[in-house]
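Peer 1: sequence? don't have it. structure:
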């Protein structure tokens, strides 16, 4: 409970006009829209204490079945090493960013850093994220073209053992990294080997062209 400011909705209390604080508001909204138990609750690193600890205490006191499986806290986005802050006027919207780059480049830029680590935004880094996006989609387009020229039966059994091993290795690394607290940057790094192998097969050895 906190004191209500002039003009705000309030309830009478032994301490005067008051309203629920933002800690209890979050508990109430979560229970209303997600139920007493749900899988993931997110927020910034600065919300671990006291906000989320208060949420846990309040929700568990109100409902013995209250439970959240995972609390995920993201690192701050900084601009020139200064925390992005709307109150300080140091911020921009996603719409503004995708006016400058492809939305997928923004995604690659963001997931290139683990979610609980801080990430420093810069136009240069955003531009560099466009290169792997182009590389991936160019590879997929080349694959689609080559495969469209042949029946599946003509190439299905011609995949070299080293290529199969490369695929299996990446699959294992993907599962391991994603199971390790969504370690997507490791997945992106591991993706380079399969992409190189694919392009080698498509443009150098032409293994699939029968």
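Peer 2: Noted; the coordinates are in hand. Only a predicted model underlies this, so the values are computations on that prediction, with no experimental measurement involved.

Peer 1: where does the protein have low pLDDT?
Peer 2: 1, 152-157, 205-210 (pLDDT under 70).

Peer 1: for it, what spans make up the strands?
Peer 2: 2-3, 18-19, 37-44, 67-74, 77-79, 82-83, 119-121 (DSSP state E).

Peer 1: top helix in this protein by residue count?
Peer 2: Secondary structure of the chain per DSSP state H: the longest helix is helix 123-148.

Peer 1: Against which helices or strands is it packed?
Peer 2: Packing contacts for helix 123-148, counted by 3 or more C-beta pairs under 8 Å, 6 or more residues apart in numbering; DSSP states H and E, involve helix 103-111, helix 192-200. C-beta here means a position set from N, CA and C on the backbone, and glycine is covered the same way.

Peer 1: Any chance of a markdown table for the ones you listed, columns distance to residue 7 and mean neighbour count?
Peer 2: As requested, those are exported to a markdown table (distance: least, C-beta to C-beta, whole Å; neighbours: other C-beta atoms under 10 Å):
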| stretch | distance to residue 7 | mean neighbour count |
| --- | --- | --- |
| helix 103-111 | 39 | 17 |
| helix 192-200 | 58 | 15 |
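
Peer 1: Tell me the buried residues in the longest helix of the chain?
Peer 2: 126, 129-130, 132-133, 139, 146 (16 or more other C-beta atoms under 10 Å).

Peer 1: How about stretch 82-98?
Peer 2: Using 16+ other C-beta under 10 Å as the test for burial, stretch 82-98 gives residue 97.

Peer 1: re the thing from before, who wins for proximity to residue 13 among the helices and strands packed on helix 123-148?
Peer 2: With respect to residue 13, and counting by C-beta to C-beta, the nearest of those is helix 103-111 at 43.4 Å.

Peer 1: tell me what that closest one is packed against?
Peer 2: Using 3+ C-beta pairs under 8 Å, 6+ apart, helix 103-111 sits against helix 94-98, helix 123-148, helix 184-190.

Peer 1: circling back to that earlier point, in TSV, list the helices and strands packed on helix 123-148 along with distance to residue 183.
Peer 2: Shown next, in TSV, are the helices and strands packed on helix 123-148 (distance: least, C-beta to C-beta, whole Å):
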stretch	distance to residue 183
helix 103-111	10
helix 192-200	16
